[in-house]
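[1] Any chance you could fold what I've pasted below:
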Amino acid sequence: MIKQFTIGRGDDCQIHIQDQSQRVSRNHATLKIYESGKMFITDQSSNGTWVNGVKISQNVEYPIKRGDSISFAHASELNWEQIPRTTNKSMIYIVVALLLVGLITGSYYTMDHMNGNEKQKKEEIHLIEIKKLMEHDKSVKDSIRKADSIRISNKVIKKVQAEVQKKEKPVVKLEAPKPKPDSIKVEKKQIIY
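    Modelled structure (predicted):
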């Protein structure tokens with residue numbers, strides 16, 4: 001459903017504007033308010049309509065919102081108090097539906113809350129168990145990290161020890177075996193001078 005208001009100097013207009021300069025037309029503009037709450041103004045004048053300082057085209061619906069500055073031929077401003085506030089019915093239905101859902105869930109909660117002492121104790125025990133599991137999980141992860149760091153340290157230590165052992169080993173030089181004294185034959189030669 002659309003609410004429509006005619007605006008102008010004419011006595012038959014729903015929003016009557018008194019303008020002694022007669023710049024405002026008898027049927028100057030039309031204001032439409034849709035069920036969704038959206039509003040549009042259509043200029044039908046010879047001297048123009050301005051929305052927030054901008055002249056709008058003639059015979060074209062222009063979107064407006066409550067509180068916009070609307071000037072008719074720069075002779076008169078729209079008084080928003082003359083425009084009835086509309087309620088968006090679909091929004092009202094949504095709000096009512098949400099309230100009903102809230103009431104229903106709230107009543108279930110209160111019924112649950114009446115028997116809540118036992119339920120609360122179970123939940124507290126459950127939370128304590130979860131906390132213990134989380135602490136255990138953390139200690140296991142810490143232990144794994146320590147073991148990993150020890151393994152890494154042990155590998156490093158073994159590598160360093162191997163390097164040190166390589167450096168400390170005496171270098172063996174291979175030499176020809178020395179002959180044993182009984183197998184040596186000494187020949188005496190005479191040396192002449």
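
[2] just the strands in this protein please.
    3-8, 15-16, 29-33, 39-43, 49-51, 54-55, 61-64, 70-72, 76-77 (DSSP state E).

[3] Could you provide those in JSON lines, with additional columns for mean neighbour count, distance to Lys119 and mean pLDDT?
    (Glycine included, C-beta is placed from N, CA and C.) Output for the strands of the chain, formatted as JSON lines (neighbours: other CB atoms under 10 Å; distance: least, CB to CB, whole Å; pLDDT from 0 to 100):
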{"stretch": "strand 3-8", "mean neighbour count": "18", "distance to Lys119": "53", "mean pLDDT": "94"}
{"stretch": "strand 15-16", "mean neighbour count": "15", "distance to Lys119": "61", "mean pLDDT": "92"}
{"stretch": "strand 29-33", "mean neighbour count": "20", "distance to Lys119": "51", "mean pLDDT": "95"}
{"stretch": "strand 39-43", "mean neighbour count": "20", "distance to Lys119": "52", "mean pLDDT": "96"}
{"stretch": "strand 49-51", "mean neighbour count": "20", "distance to Lys119": "60", "mean pLDDT": "97"}
{"stretch": "strand 54-55", "mean neighbour count": "10", "distance to Lys119": "62", "mean pLDDT": "95"}
{"stretch": "strand 61-64", "mean neighbour count": "16", "distance to Lys119": "54", "mean pLDDT": "95"}
{"stretch": "strand 70-72", "mean neighbour count": "21", "distance to Lys119": "60", "mean pLDDT": "95"}
{"stretch": "strand 76-77", "mean neighbour count": "15", "distance to Lys119": "63", "mean pLDDT": "92"}
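
[4] among those, which is nearest Ala162?
    Closest approach to Ala162 among the strands of the chain (CB to CB): strand 61-64, 83.5 Å.

[5] which outside residues touch the closest one?
    Leu31, Lys32, Lys38, Met39, Phe40, Ile41, Thr42, Asp43, Val51, Ile56, Ile70 (CB atoms under 8 Å, 6 or more residues apart in numbering).
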